[in-house]
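Chemist: my questions concern the predicted model and sequence given below.
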Amino acid sequence: MQPYRSTGGDSGIVAYACGPGWIDIRFRRGGTYRYDARHPGALHVMQMQRLAEAGTGLNTYLNRYVRDDYAARLD
């Protein structure tokens with residue numbers, strides 16, 4: 001996983017990893033979750049990958065559009 005840069009400095013996300021059709025996100029309060037083409041869907045995953053790489057807006061996007069619609073909890 002690579003650190004989430006969080007340009008605002010106050011994100012609940014600390015790290016992420018992504019590949020074709022999926023993204024794993026590790027949260028500051030604990031837990032790593034996988035999001036994929038089934039949950040929450042390919043368009044959401046593509047947007048989440050874009051935001052993760054930009055280092056801004058990922059936590060807000062998750063709270064607004066995805067919430068608990070993840071494919072799996074990894075730890």
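Modeler: Good, I have the coordinates. Residues are numbered from 1 along each chain as shown.
Chemist: who's the most centrally placed residue in the chain bridged to?
Modeler: Nearest to the centroid of the C-alpha atoms of the chain, with distances taken as C-alpha atoms, centre = their mean, sits I25, at 4.3 Å. Residues in a beta bridge with I25, per DSSP bridges, are Y16, Y33.
Chemist: distance check, it against V14.
Modeler: 9 Å (C-beta to C-beta, to the nearest Å). Glycine gets a C-beta too; all of them are placed from N, C-alpha and C.
Chemist: got it, and G57?
Modeler: Applying C-beta to C-beta, the value for G57 to V14 is 16 Å.
Chemist: same check on W22?
Modeler: 18 Å.
Chemist: tell me which residues in the longest helix belonging to the chain are buried?
Modeler: Longest helix in the chain, counting residues (DSSP state H): helix 42-54. Across helix 42-54, burial judged by 16 or more other C-beta atoms under 10 Å covers H44, V45, Q47, M48, Q49, L51, A52.
Chemist: just the buried residues of stretch 19-36, please?
Modeler: By neighbour count on 16+ other C-beta under 10 Å, the buried set for stretch 19-36 is W22, I23, D24, I25, R26, F27, T32, Y33, R34, Y35, D36.
Chemist: right, I mislabeled it, should have said stretch 67-75
Modeler: So for stretch 67-75, counting by 16+ other C-beta under 10 Å, buried means Y70, A71.
Chemist: which other residues reach it?
Modeler: With C-beta atoms under 8 Å, 6 or more residues apart in numbering as the test, stretch 67-75 has contacts from W22, D24, G31, T32, Y33, R34, Y35, D36, R38, H39, P40.
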